[in-house]
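Visitor: Task: produce atomic coordinates for the following.
(chains A and B)
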Amino acid sequence: MATTTTETVRLTIDGVPVTVPKGTLVIEAARQMGVMIPHFCYHPKLKPDANCRMCLVEIERMPKLQTSCSTPVAEGMVVHTATTVVNEAHKSVLEFILANHPLDCPVCDQGGRCDLQDFSHEYTPTTSRFLEVKRVFPKEYFSALIETQMNRCVQCLRCVRYCDEVMDVKALAPSGRGTMTEIKHFTTHQLDCEFCGGCVQICPVGAITSRLDLYEFRPWMLKRADTVCTYCGDGCHITIQTKGNDLIEVNSAHGAGRNNGDLCARGFFGYHATTHPDRLQSPLLRRNGELVPATWEEALEFVAETCIALKLKHGPDAFAGLIASRCTNEDLYVFQKFMRLVIGTNRIDGSARYGHINGVRALRRVQGTHRWTVAFEDIVGAEVLLLVGTNITETNPITGLKVKEAVKKYNATLLTIEALVPAIGTISNIANLSAHHFSVHPERFGNVVLGLIKAVVEGGLVAQTLTQRAPAYVEAISQTLRAIPWETLESVTGATSQALMEAARAFVAARRAVVLVGQGVLRTPGGFGVATNLLDLLLLTGKHDRPGCGLAPLAEENNDQGAVEMGALAEFLPGPSDLDDRAARERLAGLWKEELPQRPGATLMQILGDARAGNVKALFVVGENPIGSLPRAAQAKEALERLELLVCQELFLTDTARLAHVVLPACSYAEKDGTFTNTEGHVQAVRHAIDPIGESRPDWEILSALSVLMGYPIEYGDAKEILKEIRNLIPGYGLLGPAPATPRSDEAVVERYLREGYAEDVGARYQLTGAGSFDMAQPATSSAESDRRDAGKVKDGLQLTLVVGQTLFHSGKLSTRAKGLMEVQNAGSLGLNPSDADRIGVTDGDRVRLVNQAGEMTTSVRRLDRVPEGMAVFPEHFDEEARRLLTVSVDPVTQVPYCKSAKVRIERL
Amino acid sequence: MAMKFKAWLKTITFYEILVGMKATLKHLLHYRPITLQYPHEKRTLPDSYRGMLALLRYDDGTEKCVGCDLCEAACPSRVIRVISSEVPGEPTKRYAKEYYMDMTRCLFCGLCVDACPVDALGMTREYEWAVYDKRQLLLSKPQLLAIGDRSFPVREKRLELQHPNVAFFNVAFKFMPPKES
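Guide: Model (predicted):
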């Protein structure tokens, strides 16, 4: 952390001498030595407010009782927490609070784990001296997910402060005075916020509760399982609480996991996806063109027999495999082992191919690591943070919280390169906190990065050590950048050279700089180049090997990083080592006691292409859904229809599974054990919370059973045994400690990159992108003349760039089965800048048609201030129709299919 | 000597046997049966008799039970299962959507009745619950309410009308007593 001090203070609490760091609050010091001072309004995450007066203690030589939550320790302080005076104070405070509390503990969901209940048992007499009528608030509808019962409120304002200080959403506020203070949201209709559930978790009483499990449980009935959320790469620790085989609620304790107990809407309200009634209950086998339920024996025997026949006829390379990064490391490992040994092909790929691989490949190329060289702690401790192409508060909300903490609590300088513009909205927007914000078209993020590097190079900000170490490298970059004049750069980015220069200076001046690069970059054309350029920026400024500095590509799926490390991708073996790495192959062959297939792997688009050409006959799909993820232009459906055998291991009957010859029901994360590796490379344990739904089995068990039937048994007793084997392969993998051990960059690789590695594509990478296409950088004019010009446009619609991206409330297609999240967002709507919306004359909820040469779709409009002019955003989770419009292009180096944006014409219906 | 004579006399007259048979012989002469001719005759039950459990209602016919699960928690032999939920149409009001008692396990200890915060459970004086099929002893909410209806004809007023000083169980906003000025 930025402000840790080593100075300590000695004080005495209840007669026990204790030494704590300077600046610690008395309540914290007491807690550290095991004395619990009762409190409502204090919470370690929040600034002290001292409004509940419950934590009063007696401090010698201070005239009155002091609130221990707002008093920092001082040298020689003598604190008494349990004197008669203090106990009297506790009693009085509680008597005042209880004067208005409805005492409806029997029907309150908090009953049994309520601070007020516990303190009442400990500190108050059973009768009250108050005979007056209790305060009663009229009940108002609050929201579909969060319920308030203000009669129970103790007015500690923890919820309000959490919403403001931690989440930066500011959705709640106290209204009214004195005992009639009520927690309200700002609008007249229902609550519209991030729905992070933080207020529900932090409420010490039952005033704010979750509506999803309202009255379904009592705390003592619940069975808990500590596991990891699957809705993004952050890898948040969650505690799933179950009653019987029902999921009741999810929460996360303060201090738990990498998220420190904070969750987002997906984590807190999205847990019902796994128990959705549409879950596959038994294997499905295609008979006479129809998928019909079958037994496991029938289904597996059919797969094994067909595989053996196809392998004899066409050889192992007629097979291919696709696996989703939502599977555990164990599943991914067994999958690649199954494909490599039992089938005998390297033609496997996974959903890390959609973007995360760009970041990993850039890291491997420049600094020889496949993980971040930073951790979440470094984000919090950074002096400057550069966010490129990531609306982090929506895509990776908890990493976003770390950024917010760094900026709000430790005054870090935030630089953002994002399409979205700063705007006040119902959800937080990281651009609002940014000191240097560059709003550009999503395809031009790289241009701003070039601008920053140009500013570094031409502003004389290049690190001295680097100029001496690799003069040719610096010269090559400055030469290519000199070819791009500032004027062109300014016109394509819309940022002035001064602004870029200032941002570059701020970046260089910081001792600890972290660059976060999101799917907005990694999934757009040139993503690999931009990620490499960002590493160049770190190299040029001399930061790449400094502690607390580094590039951090943000993963979209929870185990993208694990998929890379388990070698479940076309170019990697477990480790990951390159597929053609002779030493790694020999080592692996020694451990597996079997030779590895020699022929090269195939990426997602190559597999689909080969399937279309008829070269791939059989495809194993584990949790992947290429038809649902790729646009129609990728012709995934045509490819899969040509297969002779399509085996899907799925939770639900997805678009891809509908085409399958065999569908095998798999367990969700809540029903299996294993490990996930989060975006920062921290391996965390996944534990089952409920029994498998129907006849579903964990993915590795299915593959293991198949391998037995195919005469090459890969058998394990449980997931732990697989992890043991992984540890043999990758020493120390999955040391389930509190924080990841971040790797250091490999100096030999950096040296090689600086000497010759950079040269192969330096010209191509340092090119402006997106020039000449629709110009978003032009400042919007609102003069009458431009209005008239726009009016002319409206006749044949408005040209926009449609970006299909993630939203806060969903993750992939899985979360659209979660009833809680569907309450917040149950359909896709087109986010449009209000002035664009005015130009075609639509308001919230109006229908519009989007047209381009590929097709057309209709949808409803939502006016969003944060969407820049000239852009329209649509959630990818409901993109059934939008996928028709998208084009697909493939990265020449990393083979990533870029399919997230399209030029469209929008017209009012 | 006298003692010896007394003992001899007792022996020859079978005195101890007569003492032992005293009650029998008495009943032989004064025939008055103490066996109750059940089911034609029935015993008078003590006031604190703990018989069949029942769910009760308020005087307006609404169920007293708020579905708090405390009876379930208090029950030592896991007789009770409560499935609580929100009252349809009355937000934030809790009730037992389903309520089951497995009377085959019940010890009639009355702990559930003690635990109930709204006195929704009562112990009736019913005990004639012999059935041919054990499954008939798994009682549901309507059955338990029916038992309450026939055993407790006198019903209480609603809580918020009994005590004006409560915002009790979140119902007070609907039946808010007038504020004294």
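Visitor: How about the residues of the stretch 201-350 of chain A by chain B?
Guide: Contacts of the stretch 201-350 of chain A with chain B, taken as C-beta under 8 Å from any C-beta of the partner chain, map to A:Leu214, A:Tyr215, A:Glu216, A:Arg218, A:Trp220, A:Met221. Heads up, the C-betas are built off the backbone N, CA and C, glycines and all.
Visitor: The lengthiest strand in chain B - what's its average pLDDT?
Guide: As assigned by DSSP state E, the longest strand anywhere in chain B is strand B:94-102. For strand B:94-102, the mean pLDDT works out to 94.
Visitor: what does stretch A:656-672 give?
Guide: Here the average pLDDT along stretch A:656-672 is 95.
Visitor: what's the straight distance from one end of that stretch to the other?
Guide: Stretch A:656-672 has its terminal residues 23 Å apart, counting by C-alpha to C-alpha, to the nearest Å.
Visitor: buried ones in that stretch?
Guide: By neighbour count on 16 or more other C-beta atoms under 10 Å in any protein chain shown, the buried set for stretch A:656-672 is A:656-657, A:659-672.
Visitor: just to revisit the earlier point, return the alpha-carbon coordinates of whichever helix or strand comes after the longest strand of chain B using PDB.
Guide: Later in the chain than strand B:94-102, the nearest helix or strand by DSSP states H and E is helix B:111-115. Only the C-alpha atoms of helix B:111-115 are listed here, as PDB (Å, rounded to 0.1, in the frame of the first residue of the first chain):
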ATOM      1  CA  LEU B 111     -40.900 -26.800  23.100                       C
ATOM      2  CA  CYS B 112     -42.300 -25.600  19.700                       C
ATOM      3  CA  VAL B 113     -45.300 -24.000  21.500                       C
ATOM      4  CA  ASP B 114     -42.900 -22.300  23.900                       C
ATOM      5  CA  ALA B 115     -40.700 -21.100  21.000                       C
END
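Visitor: what's the closest residue to A:His276 other than its chain neighbours in contact with, if anything?
Guide: In space, and not counting its chain neighbours, A:His276 is closest to A:Arg817: 4.2 Å by C-beta to C-beta, 6 or more residues apart in numbering or on different chains. Taking C-beta atoms under 8 Å, 6 or more residues apart in numbering or on different chains, we find A:Arg817 in contact with A:His272, A:Ala273, A:His276, A:Asp278, A:Phe652.
Visitor: picking up where we left off before, among the buried residues of stretch A:656-672, list the two that are farthest apart in space.
Guide: Taking C-beta to C-beta as the measure, the buried residues of stretch A:656-672 span a maximum distance of 28.0 Å, between A:His661 and A:Ala670.
Visitor: pLDDT weak spots in the chain?
Guide: I went with chain A, as the question did not name one. For chain A, residues meeting the criterion pLDDT under 70 lie at A:1-5, A:126, A:736, A:770-796.
Visitor: that's the other chain; I wanted chain B
Guide: B:163-181.
Visitor: cutoff 90 now
Guide: B:1-3, B:23-37, B:43, B:47-48, B:87-94, B:117-118, B:156-181 (pLDDT under 90).
Visitor: Kindly report the domain assignment for it.
Guide: B:1-31, B:53-157 (automatic domain parsing).
Visitor: want to try JSON lines for these, with distance to chain A as columns?
Guide: Listed next are these as JSON lines, based on distance: least, C-beta to the nearest C-beta, whole Å:
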{"stretch": "domain B:1-31", "distance to chain A": "54"}
{"stretch": "domain B:53-157", "distance to chain A": "3"}
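Visitor: Could you look over these and pick the most buried one?
Guide: domain B:53-157 (a mean of 17; mean count of other C-beta atoms under 10 Å in any protein chain shown).
Visitor: Tell me how far it lies from the chain's centre.
Guide: Averaged C-alpha coordinates place domain B:53-157 at 11 Å from its chain's average position (C-alpha atoms, centre = their mean, to the nearest Å).
Visitor: So which residues on chain A come close to chain B?
Guide: So chain A meets chain B at A:102-107, A:111, A:131-139, A:141, A:147, A:149, A:151, A:214-216, A:218, A:220-221 (C-beta under 8 Å from any C-beta).
Visitor: From those residues, list the buried ones, please.
Guide: For the residues of chain A next to chain B, buried by 16+ other C-beta under 10 Å: A:102-107, A:111, A:133-137, A:139, A:147, A:149, A:151, A:214-216, A:218, A:221.
Visitor: okay, which residue is most central for the chain?
Guide: Just going to use chain A. For chain A, A:Asn396 is the residue whose C-alpha lies nearest the centre (C-alpha atoms, centre = their mean; 2.9 Å).
Visitor: could you do chain B instead?
Guide: Short answer for chain B (C-alpha atoms, centre = their mean): B:Met123, at 2.5 Å.
Visitor: so the residue nearest to it when sequence neighbours are not counted, which of the three states?
Guide: Of all residues not flanking B:Met123 in the chain, B:Arg50 sits nearest, at 4.6 Å (C-beta to C-beta, 6+ apart). Three-state call for B:Arg50 (DSSP: H, G, I helix; E, B strand; the rest coil): coil.
Visitor: Pretty sure A:Ile906 sits in a helix.
Guide: No. With three-state DSSP as the criterion, A:Ile906 is strand rather than part of a helix.
Visitor: Could you pull up the contacting residues of it?
Guide: Applying C-beta under 8 Å, 6+ apart to A:Ile906 gives the contacts A:Gly797, A:Leu798, A:Leu800, A:Leu830, A:Leu832, A:Asp836, A:Ile840, A:Val848, A:Arg849, A:Leu850, A:Val851, A:Ala872.
Visitor: Against A:Leu386, how distant is A:Phe269?
Guide: 31 Å (C-beta to C-beta, to the nearest Å).
Visitor: out of the two, which sits in the more crowded spot?
Guide: A:Phe269 (30 against 26; other C-beta atoms under 10 Å in any protein chain shown).
Visitor: got the contact list for the residue lying closest to A:Gly112 once chain neighbours are set aside?
Guide: In this structure, A:Gly112 finds its nearest non-sequential neighbour in A:Pro219, 3.9 Å apart by C-beta to C-beta, 6+ apart. For A:Pro219, the contact set (C-beta under 8 Å, 6+ apart) comprises A:Gly111, A:Gly112, A:Arg113.
Visitor: Now name the helix or strand holding the closest residue to A:Gly763 other than its chain neighbours.
Guide: The shortest distance from A:Gly763 to any non-neighbouring residue, by C-beta to C-beta, 6+ apart, is to A:Thr480 (5.9 Å). Taking DSSP H and E as the criterion, A:Thr480 maps to helix A:471-482.
Visitor: I'd like the distance from whatever helix or strand comes next after that helix to the chain centre, please.
Guide: Sequence order places helix A:486-493 as the next helix or strand after helix A:471-482, per DSSP H and E. Taking the mean of its C-alpha atoms, helix A:486-493 sits 33 Å from the chain's own mean (C-alpha atoms, centre = their mean).
Visitor: tell me the angle of helix A:486-493 relative to helix A:471-482?
Guide: 70 degrees (axes from the mean of the first three to the mean of the last three C-alpha atoms, to 10 degrees).
Visitor: and B:Gly61, backbone torsions?
Guide: Main-chain dihedrals, B:Gly61, degrees, to the nearest 10: phi 90, psi 0.
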